[in-house]
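Visitor: I'd like to go over a predicted model; first the sequence, then the structure.
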Amino acid sequence: MLNENKENGFDVTIVGGLGHVGLPLGIVFADKGLNVCLCDIDEKKAEIVKNGKMPFIEYNAEPLLKKAIENRKLTVSLDQNSISKAKYVIVAIGTPVDEYLNPKTRQFLEFFDDIKKYLSTDQTIIIRSTIYPKTCEQILNLLGDADWNIAYCPERIIQGYSVKELNDLPQIVAGLSEKAIENASKLFSVISPKIIKTSLGEAELVKLFSNAWRYIQFAVANQFYMIAHNFGVDYDKVRHAMKEGYERAATLPTAGFAAGPCLLKDTMQLSSFNSNNFMLGHAAMMINEGLPNFIVDDLRKRYDLSKTKVGILGMAFKADIDDIRDSLSYKLGKILRFHGTNVYYSDEFAKDPTFVTKEKLIEESDVVIVGVPHSVYGGMDIPDGKEVVDLWGIFKKEK
């Protein structure tokens, strides 16, 4: 146990502590007995969390959150001065890309320029955000020549299941000094079963390679789906035949929208870092981002879309969560509406007053497209006479 915080201070302050990365991490640390401060600027989320409620879907998190609030192990703060009161400062803010898919590194550095008055060399500063390679060195230059302890500990969790994975997955730890590495390792040893120490460059590429690898895998599956569909063959049946008893094909995923705030962004960051010479990454982007167009073009062969009602089941970017960031279901809807289609949206988790129920969507639509395979869709029946575009195979029944 750490509990070496200053008087009236914290063991850990997580900046961006109410987001999808920071909040689960803070809850898990607090559950292990550390005094944690969640520092953020989102007043609405702050009130929700203070009342022991999760502002988004994170399985098994809310009971731990309530307990941490009741035990006063978890504090929510909208005051950046709380950064100065912690032994460890973890930065978990978002790192977006611009309209040209280049990383906004300057924005991240400007954030550090804003908070540096709250930082000291007595603290260990841990970057949890996904960053462009060499960013830690730029942070060090910005902070000055003092003996700063800066570590990089990338997150690798699946959204919605962070609480479980934070306790199960090894933690990558790197830093700009041995002291920073040792301090960060000590902190994450409280929750992680194994610490993997790497060089800073290795840690940066572990994060980017991991997401680019997943993005490329999904692109392979989606390209296979398009080829099979154009050939009049069911990709899902091909996939099952490939995998059955054949371990070398076991990791081939289903087709489906590859979206969300990380996969495309990190693939493009990797490309930018390599002087835009990442042909596999760019090809993956063209395939994955082109899948909605492929679906619409295929429907246009059989329908006058200006006289067709199309329903999209699932607007979140992945199954059984409520996060719609960068969801390709919205891109699909925009393309359909461009062709004059009457489009219905529905989602079991993401809330929007314009959405309809899944039952009404199926009743009203001529064509039903599965945007994301929420588990509740698996037991539904689609009436005869309605076309279903089900890349995920969630409605398929055994013959």
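Guide: Received it, and whenever you're ready, just let me know what you need.

Visitor: any weak-confidence spans in this structure?
Guide: Filtered on pLDDT under 70, the chain yields the residue ranges 1-8, 96, 99-101, 397-399.

Visitor: let's see 90
Guide: The model of the chain has pLDDT under 90 over residues 1-9, 94-108, 130-132, 144-146, 260-262, 272, 276, 378-385, 393-399.

Visitor: domains for it, by residue range?
Guide: 10-198, 221-389 (automatic domain parsing).

Visitor: show me where the stretch 51-200 of the chain has helices.
Guide: All helices of the stretch 51-200 of the chain, identified by DSSP state H, counting those that start in this stretch, fall at 62-70, 105-115, 135-143, 162-168, 178-188, 200-230.

Visitor: and these as TSV, adding distance to D98 and mean neighbour count?
Guide: For every residue, glycine as well, the C-beta is placed using N, CA and C. Output for those, formatted as TSV (distance: least, C-beta to C-beta, whole Å; neighbours: other C-beta atoms under 10 Å):
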stretch	distance to D98	mean neighbour count
helix 62-70	34	17
helix 105-115	9	15
helix 135-143	16	16
helix 162-168	27	18
helix 178-188	30	19
helix 200-230	17	19
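
Visitor: what's the closest of those helices to V372?
Guide: When the helices of the stretch 51-200 of the chain are compared by C-beta to C-beta, helix 200-230 sits nearest V372, at 13.1 Å.

Visitor: Send me the helix or strand following the closest one as PDB with only the CA atoms.
Guide: Scanning forward in sequence from helix 200-230 by DSSP states H and E, the next helix or strand is helix 235-243. Output in PDB follows, covering the C-alpha atoms of helix 235-243 (Å, rounded to 0.1, in the frame of the first residue of the first chain):
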ATOM      1  CA  TYR A 235     -18.700 -14.400 -45.600                       C
ATOM      2  CA  ASP A 236     -19.800 -15.600 -42.200                       C
ATOM      3  CA  LYS A 237     -20.100 -19.200 -43.500                       C
ATOM      4  CA  VAL A 238     -16.700 -18.900 -45.200                       C
ATOM      5  CA  ARG A 239     -15.300 -17.700 -41.900                       C
ATOM      6  CA  HIS A 240     -16.700 -20.500 -39.800                       C
ATOM      7  CA  ALA A 241     -15.500 -23.100 -42.300                       C
ATOM      8  CA  MET A 242     -12.000 -21.500 -42.200                       C
ATOM      9  CA  LYS A 243     -11.900 -21.500 -38.400                       C
END
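
Visitor: The helix or strand following helix 235-243 - contacts with which helices or strands?
Guide: The element immediately downstream of helix 235-243 (helix or strand, assigned by DSSP H and E) is helix 263-273. Counting contacts by 3 or more C-beta pairs under 8 Å, 6 or more residues apart in numbering; DSSP states H and E, helix 263-273 is packed against helix 200-230, helix 279-300.

Visitor: got JSON lines for those, with distance to W148 too?
Guide: Output for the helices and strands packed on helix 263-273, formatted as JSON lines (distance: least, C-beta to C-beta, whole Å):
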{"stretch": "helix 200-230", "distance to W148": "14"}
{"stretch": "helix 279-300", "distance to W148": "33"}
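
Visitor: Which among those is found nearest to L109?
Guide: Nearest of the helices and strands packed on helix 263-273 to L109, taken as C-beta to C-beta: helix 200-230 at 15.7 Å.

Visitor: what's the spacing between the closest one and its chain's center?
Guide: Mean-position distance between helix 200-230 and its chain equals 15 Å (C-alpha atoms, centre = their mean, to the nearest Å).

Visitor: Now do it and helix 235-243, the angle between them.
Guide: Going by axes from the mean of the first three to the mean of the last three C-alpha atoms, to 10 degrees, helix 200-230 is angled at 120 degrees with respect to helix 235-243.

Visitor: Run the chain-centre distance for stretch 56-73.
Guide: Distance, stretch centre to chain centre, for stretch 56-73: 20 Å (C-alpha atoms, centre = their mean).

Visitor: coming back round to it: Serialize the helices of the stretch 51-200 of the chain to JSON lines and add fields for distance to I93.
Guide: Listed next are the helices of the stretch 51-200 of the chain as JSON lines, based on distance: least, C-beta to C-beta, whole Å:
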{"stretch": "helix 62-70", "distance to I93": "20"}
{"stretch": "helix 105-115", "distance to I93": "6"}
{"stretch": "helix 135-143", "distance to I93": "12"}
{"stretch": "helix 162-168", "distance to I93": "16"}
{"stretch": "helix 178-188", "distance to I93": "18"}
{"stretch": "helix 200-230", "distance to I93": "15"}
